[in-house]
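Enquirer: Structure for this input, please:
(4 chains)
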Amino acid sequence: MKKWPLIVMAAAVLAAGLLIGRFIIPGSDAPAAASAQDASQSTWDKVKDSGVLTIGIGEDAPPYEYLQNGQPIGYDVDIARAVGQRLSAYAGRTLRLEFVPVTDEDRITWVQTGQVDMSLAHTNITRTRLENIDFSLPYGWDGKAILYLASDGTRDLASFAGKAVGFKISSSSVGEIKAYYAARGWKLPDLVQFDNYDAGIQALLNKQIQGFTDDTSLIKASAISMGYKVGPGGTFYLTEPEYSATYYGIGVRQNDSLWRNEVNYALQDLWKDGEFQKIYNKWFGPHSSDPIPLGNNHIDAYVVG
Amino acid sequence: MPADLTTRPAADRHPGRAPDEPRVVLNLDQITKRFNERPVLSGVSLTLRQGEVLALCGPSGSGKTTVIRIISGLAPFDSGLCTIDGTAVNAGQPYPRRLYGSVGVIFQDACLFPHMTVLANVTLALRKFKRLPAAQARQRGIAELERMGVAPLADRYPATLSGGERQRVAIARALALDPLVLLLDEPTANLDPGLVDEVCERILALACAGTTMLLVTHAIDFARQAATAFALLREGTCQCSRDPGTLDHLRPPR
Amino acid sequence: MSGWIPPIVRTLLAGYPVPPSMIDPSYPQLIQRIGGLELTLLITLAGLLSGFALGVILLACRRNPLTGPGRDPGEQLLGQAVRGAAIAVVEGVRGLPIILLVLLVFTLPYPITGLQLPNFVLAAAAFGLYAAVFVEESARSGLRSVDPQLPAAGRVLGLTGRQIFLRIELPLVFRTMRPDLINTAVTLFKDSSTLAVVAVPELTYTGRQMMLSDPAIYGAALLAVLILYWAPATAFSAVAVRAERRRTRAEGFAVRNTMIE
Amino acid sequence: MHFGNYVFAEPYLGWLVRGILMTLLISVVSGTAAALLGLWVTRLRLTSRRGPRLAADTFVMIFRNLPLVPLLLFVTFALPRLWLQVTGRAFPIWADLYLLLAVLSADSGANFAEILRAGVLGVAPQQQEVARTMGLSAGAIRWHVVFPQAARIVAPALATRWIQNMKNSTMALVVPLPLGLLEMAGQAERIAGETFSWVQPLTAIAVVYLLLSLGSGWFLNRWASRAQARVQAGAA
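Expert: Presented below is the predicted three-dimensional model:
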């Protein structure tokens, strides 16, 4: 085969190119040219100039965001609309809100790269994420626990040591559950990666895994949307206590305090005139399918702070 | 071709044959065979005794190869009886297992297994059919290759051999199983003219050594040298005789 | 039982409805709204067409005239570079699993160029690249089978190298490529299912969402998806086999069908 | 923005290495199983008995034309549910690896069978006949005469398909598996999930895949062209 030396050469060049590329490709997924050029300009200026606000909205994750009759609805969507309205008022012009669906993998990256101006995708504020983007004040809160089959009887967190437990990829739960078990000297659960809440819950129903963990509101809502009840008399239980408390923040670009301030002001103003509470009660109030009482984590003080 | 073999008439090689002839190794009795409603053989009978060499000649398409395929069990036939070493092969019935390996066949193409060395070609059936241990099979194989004069080629692959060498290896491969009768289907037809002699020479040597053979050939001169009996296959029937003149019908008119 | 079958089928064929607020006005609505089997077919078609064009370009780069005799060293070097690049693209794409190619095409363009493209364009690009390699390979082996006397005859008539390539060799090659093109189309159709990994709402993704979110449907959704893939793929494979047999017969091979038992 | 090579730092490097080993394991095990399956199916497809032949033909027709991603999704979600309903016992999640191997083997096996059949048909019929006159059994003819030659005749296609099988191991991405059993692409996704960047892990595994497929492709093709040259010259 006379062509082989040439092909091997080409392959070697290609491989070398990729290896060299490793050093010129940045550690983040931000376009090298774009971010360097934009560094001086605040996102707020850009939004005011263009009149367009690009908002990343998470993928299918009720009650924060999901599709109903072809429309995205949910807590995050309502907050995003309200924040957009406030920002329009601050800017003195009506901003066009453009919703961009982001996956759990993209929601940090796309803020970094500037593909979205802000992202509301049920994103926990964590330190690793804060190293890559900034967050607004928390606009929601929750805890993390393990969902398991009611037929297993009541279980505590310790009973999942060494057992197969699913988690959602790109979720902060994987780091937190490891830390929680390690701190207590328990054997780590055998963690299984899922790219979808429903997939994890189906595997749980198949008894392939013994538990599935993430923010309780997310897994509860997924189970409910699939037609299952969580809690006494239902198909699933959640472990008590939760192994971690979490706050949701709006993702904004790193080191752009002008922009972050405007977003925070919008949240605070929503809180002050009661619109925030209205939205909250719509999704988590006593009449919602998955009530979480407002104020149990002293969020009011934090937001207004 | 060596001079002494060409000049000696074949019939002279068995002078004074006794009336109580050697046992019959192969007997075909009124074999018929149709192919797509067209009769190919319509009553072929022939007899081959131990130590005999029967030359089977006939025009192209007269069914010579079919006869060989029927004897070796590769083709079924419609009626008649084929008896090999006292075992009957009946029309429409499977070939008797005990006959496997007792009829050696040499095809026009040597049909060596191209993925095996020459020696492996020869020893394959010794090991897998005769169940000889590897060392013994190897010894036997080398002996047969030596007899055919191709022992130095034992470790070569068939692709590197000449046509004549391949055909000699094929003969060695067939002989290794000690067949009762060797069927040769135009063994030299596909060879370059220069390679024909080395193969003919070996076949003649086998004939002299008393190997029972059925030789299908176009080469009438060679048939006359090698054979002790002659058969002419024409229009689906066969005519046997000890007279070399039987083949004269085949000579193209001058 | 039968009540939910029509909605399932409709969704599998056309996908979940996409909200107008999630549609980017700078791109045609069709390619953003469409889903399910329709999207799968559209991506297959787009991949096949762009792959065909790109494949011919790659082949032309690989056989570019600059490497021919009578060129000065500078041109030779340029020609070799173009050729090496074409080979690198072909071998690079061929060496990568399709899922990885899809992930790379969906991930790399933005960090490198800063361009934001809709998923459909990225999908078409990924499968265009994928198909181009098949097309290039098929065309190259087709070229080898072209009677060398024909280009020579063209040269005698005074045609240039480019004219010979475009007017004589390519038309001859296209004819022999037909079965390979059908096979490539089937491969694209099947492998476009890997787009489910990057959440492109084509047939597989739609079926998966349906299976996961509705316990009443569960396995039935994916069974339907499998049938929707299998039936066209089998039909087209049969067509390809027939075309192949016609080509083989034209080349004078015989086919035998049994083995000794 | 940081110009990191964090993919080459712990713990990510360890994950990648583990992923590479899993990729090799999956591709070698499924490839070998597929080769054996392909031989067996080819043998059944070429018999004169109708039942097995029909079954083998159906197997090939089904698996050659099914895409792997939906097939894997179906098998790893629907079968464990069925198993649970029928036996009442759980199908453990790590056993999904067996389902993955089975699906990959069936897919490649069907393709191997199709390639091998072309090879068997390419073996000169007299090869079988002469072997038969030498007294070899049908099985011995297959194993010592027909299949070795068939495999050599279609060696390049087999080599290509073997590499394709290795590349297909990335399909494991859609199968839920414990972190320790993830292959390269799964580990890359895991790294991307923790570092919010796909670029580095993807580039890293792309290089590994290129080296694997081009490297093994080079060796396999050399073997294939030699093997093929021998049987083709010998058949003349």
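
Enquirer: Helix, strand, or coil at the closest residue to chain D within chain B?
Expert: Proximity of chain B to chain D (CB to the nearest CB) peaks at residue B:114, 2.4 Å away. To be clear about C-beta, it is placed using only N, CA and C from the backbone, and glycine gets the same treatment. Per DSSP: H, G, I helix; E, B strand; the rest coil, the secondary structure class of residue B:114 is coil.

Enquirer: Please apply the same query to residue B:138.
Expert: With three-state DSSP as the criterion, residue B:138 reads helix.

Enquirer: and it, what is it in contact with?
Expert: Contact partners of residue B:138, counting by CB atoms under 8 Å, 6 or more residues apart in numbering or on different chains, are B:119, B:123.

Enquirer: any idea how far residue B:168 is from it?
Expert: 18 Å (CB to CB, to the nearest Å).

Enquirer: number of nearby residues for the closest residue to residue B:23 other than its chain neighbours?
Expert: Nearest non-adjacent residue to residue B:23, counting by CB to CB, 6 or more residues apart in numbering or on different chains: residue B:50, 5.6 Å away. Here the number of neighbours of residue B:50 (other CB atoms under 10 Å in any protein chain shown) works out to 16.

Enquirer: Tell me which residues touch residue B:50, please.
Expert: Residue B:50 neighbours (CB under 8 Å, 6+ apart): B:22, B:23, B:24, B:25, B:180, B:212.

Enquirer: burial count for residue A:63?
Expert: Using other CB under 10 Å: residue A:63 sits among 24 other residues.

Enquirer: any idea which element it lies in?
Expert: Using DSSP states H and E, residue A:63 maps to neither a helix nor a strand.

Enquirer: wait, doesn't residue D:18 sit right on residue D:187?
Expert: Yes. Counting by CB atoms under 8 Å, residue D:18 sits close enough to residue D:187 to count as a contact (6.6 Å).

Enquirer: Pick out whichever of those two has more residues nearby.
Expert: residue D:187 (25 against 18).

Enquirer: Mind checking which of the contacts of residue B:50 are in strands?
Expert: B:24, B:25 (DSSP state E).

Enquirer: Can you confirm whether stretch B:112-122 lies near chain C?
Expert: No. Stretch B:112-122 lies out of reach of chain C by CB under 8 Å from any CB of the partner chain, never closer than 14.6 Å.

Enquirer: do stretch D:96-108 as well
Expert: No. Remark: stretch D:96-108 sits outside contact range of chain C, by CB under 8 Å from any CB, the gap being at least 10.4 Å.

Enquirer: Give me the contact list for that stretch.
Expert: For stretch D:96-108, using CB under 8 Å, 6+ apart, the contacting residues are A:208, D:26, D:29-31, D:33-34, D:37-38, D:59, D:63, D:66, D:68, D:71-72, D:75-76, D:79-80, D:161-162, D:164-165, D:168-169, D:171-172, D:175-177, D:181.

Enquirer: For chain B, which residue gets nearest to chain C?
Expert: Counting by CB to the nearest CB, chain B gets nearest to chain C through residue B:74 (9.0 Å).

Enquirer: could you measure the nearest residue to that residue once chain neighbours are set aside against residue C:85, distance?
Expert: Residue nearest to residue B:74 in three dimensions, not counting chain neighbours: residue D:129, with 5.1 Å by CB to CB, 6+ apart. Distance of residue D:129 to residue C:85, computed by CB to CB: 52 Å.

Enquirer: Same drill for those two, tell me which one is more crowded.
Expert: Neighbour comparison, residue D:129 and residue C:85: the larger count goes to residue D:129, with 20 against 16 (by other CB under 10 Å).

Enquirer: tell me which element that one is part of?
Expert: Going by DSSP H and E, residue D:129 is in helix D:125-133.

Enquirer: So which elements touch that helix?
Expert: Counting contacts by 3 or more CB pairs under 8 Å, 6 or more residues apart in numbering or on different chains; DSSP states H and E, helix D:125-133 packs against strand B:103-106.

Enquirer: could you pull out the helices for the stretch 1-150 of chain C?
Expert: With DSSP state H, counting those that start in this stretch as the criterion, the stretch 1-150 of chain C has helices at C:5-14, C:29-33, C:36-62, C:73-95, C:98-107, C:109-113, C:119-145, C:149-156.

Enquirer: okay, these in TSV with mean pLDDT and distance to chain B next?
Expert: Formatted as TSV, the helices of the stretch 1-150 of chain C follow (pLDDT from 0 to 100; distance: least, CB to the nearest CB, whole Å):
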stretch	mean pLDDT	distance to chain B
helix C:5-14	80	49
helix C:29-33	76	53
helix C:36-62	93	33
helix C:73-95	90	29
helix C:98-107	94	34
helix C:109-113	78	49
helix C:119-145	92	23
helix C:149-156	83	29
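
Enquirer: what's the most buried one of the ones you listed?
Expert: The highest mean neighbour count among the helices of the stretch 1-150 of chain C, using mean count of other CB atoms under 10 Å in any protein chain shown, belongs to helix C:98-107: a mean of 24.

Enquirer: Can you give me the distance of the closest residue to residue A:93 other than its chain neighbours to residue A:97?
Expert: The shortest distance from residue A:93 to any non-neighbouring residue, by CB to CB, 6+ apart, is to residue A:51 (5.9 Å). Note on residue A:51: its distance to residue A:97, by CB to CB, is 11 Å.

Enquirer: Out of those two, name the residue with the larger neighbour count.
Expert: Using other CB under 10 Å, the more surrounded residue of residue A:51 and residue A:97 is residue A:97, with 17 against 12.

Enquirer: what's across from the more buried one in the sheet?
Expert: residue A:53 (DSSP bridges).
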